[in-house]
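just to be clear, the model below is a prediction. Sequence and coordinates:
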Amino acid sequence: MSKTTISSDEDNSEVVADSDSDLESEVFTDSDYSTSDPDDSTSDPDDSITHSNDSIPDLGEKEEPPSKKKKTEFFNWKHGIFVPKTFYFDNSNGGIRSISRLGNDPIDYFELFFDKEIMEYIAEETNRYQKQNSSPSSEKSHKGKWYATNFQEIYVFIATTMLMGVVQKNRLKDYGSTDPIITTPIFRELFPRDRYLSILRMLHFVNNDEKKTGKLYKMLPIIRHMQVKFQQFFKPFQKLCIDESILPWKGNLSFRQYIPSKRHRFGIKLFILCDCETNYILDFIIYTGADTEIERIDDLGVSGSIVMTLLKPYLQKGHVLYTDNWYTSPKLFLELYYQGTGAVGTVKKKRKTLKWMDKREVYMLSTVHDSQMITIDRLDHKTGSKIMKPICVQDYNENMGAIDLVDMQSSFTECIRKMLKWYKKFFFHIVDMASINAFYLYKTQNLKNLQLKEFRLQLIKNIGSKYGDQKQLSLGRLPTDPQLRLSARHFPSLVVSTASKVAAQRRCY
């Protein structure tokens with residue numbers, strides 16, 4: 001196929017930008033409630049784009065992008081063969097940045113993000129919050145008097161919470177239970193139950209006596225710290241993607257999002273920038289309504305402003321961005337082209353774009369692909385021949401799923417617990433994000449083929465050994481003495497060899 005239609009009819013027609021979000025929600029069951037402000041949902045649609053006789057530059061004919069943005073408010077589509085000019089990208093420097101004295105254990109990578117400095121800060125604010133809220137009755141709570149915590153104890157506290165994401169129980173108190181039916185001794189070895197509940201109750205990240213600014217003020221120091229650390233230790237490869245992630249939350253919260261089409265309809269929405277090759281999380285933005293912290297660009301609307309804010313450190317470097325149809329628009333892709341960045345994404349039906357249809361209509365915009373069609377392994381059930389699809393669709397499918405994969409992996413082992421305060425739940429979500437990034441850094445530097453769950457179990461062992469009371473922490477090892485809950489049970493037994501048969505077998509009746 002030497003020629004394809006890359007636009008609709010040549011007649012001037014309006015291209016309308018839409019802002020309906022096409023989000024993917026994680027699968028959680030939660031019953032969290034808080035006492036925050038009522039729901040505040042703010043949605044700004046993209047600006048509409050109309051046509052005139054003025055036309056946009058032919059991107060396929062340019063050798064280098066213009067040094068300055070050309071203010072183009074109108075688009076004029078035409079038929080023809082698009083030949084893209086890709087931007088140069090140096091892929092040799094991608095991956096983990098050089099770090100002196102980096103060890104080979106999972107804890108060495110986790111401490112890149114949760115270092116001693118931030119842990120001491122959390123311990124300090126937790127102690128301060130306890131003093132601000134201490135009373136004779138609270139002093140006697142949880143069967144013991146409060147004493148100041150430190151950064152070592154906060155490390156073990158986090159490790160214990162991470163282990164709770166692997167070994168799930170109905171109530172927090174069950175983790176410290178001595179009932180032989182449900183007991184799990186490792187939790188009592190890691191952290192006394194009453195002390196754990198005391199720290200969980202007092203866990204805090206900001207001084208309440210200081211001026212409160214913004215909806216995220218209770219978590220702002222942790223958010224700022226992680227945003228810096230995520231970018232500090234990893235240089236992305238060429239392909240990047242932006243997508244949404246949902247932290248389920250059913251309580252009252254001013255920036256909670258309601259998505260009626262999803263099974264779990266309420267939650268805190270994050271916009272995440274991810275490296276497609278490693279799935280490493282580079283940056284994130286928390287949606288808080290009209291005051292979301294982004295650099296507003298009026299011509300691009302909210303969705304385009306989010307993209308430009310997340311991509312700011314990576315513009316003019318030859319990256320290729322993959323987006324879904326909530327972000328994709330001709331204006332945004334043209335702006336990215338001017339900024340030396342390619343872009344590929346699905347686009348809403350009302351926008352004029354390249355069209356291809358297999359099982360359903362798919363609308364695409366791309367500044368890095370031509371009209372080439374490729375053959376895939378799937379067969380057409382009617383003709384029996386292999387299906388052909390545009391190369392831009394295949395490339396999009398291969399690179400856009402990074403954030404969905406991160407969400408799926410974290411859902412298997414995440415340490416989020418049901419609790420009353422939204423910011424505590426969000427903190428543990430950041431712990432999960434940091435542990436996932438530590439896992440991807442670990443994979444780039446080590447030959448051990450660990451899965452994420454195995455990595456986190458090893459991380460918990462490392463934290464317990466380094467900061468816990470016990471010298472060597474062993475997970476999953478059964479005690480020497482048989483437990484009452486294991487008595488009168490059937491277990492495998494050795495079948496002894498006989499005189500007539502060396503490899504004796506059990507005969508079943």
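Arrived safely.

please count neighbours and contacts with C-alpha atoms only from this point.
Will do.

in the protein, which spans are strands?
For the chain, the strands defined by DSSP state E occupy 95-96, 234-235, 239-248, 257-258, 266-275, 281-286, 320-323, 342-346, 354-357, 361-366, 373-379, 386-390.

which of these has the lowest mean pLDDT?
Mean pLDDT across the strands of the chain is lowest at strand 354-357; the value there is a mean of 48.

so which residues of this structure form helices?
Remark: helices assigned in the chain by DSSP state H are 106-110, 116-132, 136-139, 151-166, 185-190, 193-202, 220-232, 301-311, 330-338, 391-399, 402-413, 422-445, 452-467.

hang on, the earlier thing: closest one to residue 292 among the strands of the chain?
strand 281-286 (7.1 Å; C-alpha to C-alpha).

now that closest one and strand 239-248, what's the angle there?
Here strand 281-286 runs at an angle of 40 degrees relative to strand 239-248 (axes from the mean of the first three to the mean of the last three C-alpha atoms, to 10 degrees).

what packs against strand 281-286?
Helices and strands touching strand 281-286, by 3 or more C-alpha pairs under 8 Å, 6 or more residues apart in numbering; DSSP states H and E, are helix 220-232, strand 266-275, helix 301-311.

quick one on the thing from earlier: mind checking which of the strands of the chain is nearest residue 207?
Of the strands of the chain, the one closest to residue 207 (C-alpha to C-alpha) turns out to be strand 281-286, at 21.2 Å.

so, low pLDDT: which residues of the stretch 51-200 of the chain?
For the stretch 51-200 of the chain, the stretches flagged by pLDDT under 70 are 51-74, 136-144.

apply 90 and report the result again.
Across the stretch 51-200 of the chain, residues meeting the criterion (pLDDT under 90) sit at 51-104, 133-145, 165-180, 188-190, 193.

as JSON lines, the helices and strands packed on strand 281-286 with mean neighbour count and distance to residue 242 would be great.
Listed next are the helices and strands packed on strand 281-286 as JSON lines, based on neighbours: other C-alpha atoms under 10 Å; distance: least, C-alpha to C-alpha, whole Å:
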{"stretch": "helix 220-232", "mean neighbour count": "16", "distance to residue 242": "15"}
{"stretch": "strand 266-275", "mean neighbour count": "22", "distance to residue 242": "5"}
{"stretch": "helix 301-311", "mean neighbour count": "22", "distance to residue 242": "7"}
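
nearest to residue 238, out of these?
For these, the distance to residue 238 is smallest for strand 266-275, at 8.1 Å, taking C-alpha to C-alpha.

mind putting the strands of the chain in JSON lines, distance to residue 176 included?
Output for the strands of the chain, formatted as JSON lines (distance: least, C-alpha to C-alpha, whole Å):
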{"stretch": "strand 95-96", "distance to residue 176": "39"}
{"stretch": "strand 234-235", "distance to residue 176": "39"}
{"stretch": "strand 239-248", "distance to residue 176": "26"}
{"stretch": "strand 257-258", "distance to residue 176": "35"}
{"stretch": "strand 266-275", "distance to residue 176": "30"}
{"stretch": "strand 281-286", "distance to residue 176": "34"}
{"stretch": "strand 320-323", "distance to residue 176": "45"}
{"stretch": "strand 342-346", "distance to residue 176": "49"}
{"stretch": "strand 354-357", "distance to residue 176": "57"}
{"stretch": "strand 361-366", "distance to residue 176": "53"}
{"stretch": "strand 373-379", "distance to residue 176": "52"}
{"stretch": "strand 386-390", "distance to residue 176": "56"}
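
which one of those lies closest to residue 178?
strand 239-248 (31.7 Å).

list the strands paired with the closest one, with their directions.
The strands beside strand 239-248 in its sheet (DSSP bridges) come out as strand 266-275 (antiparallel), strand 320-323 (parallel).
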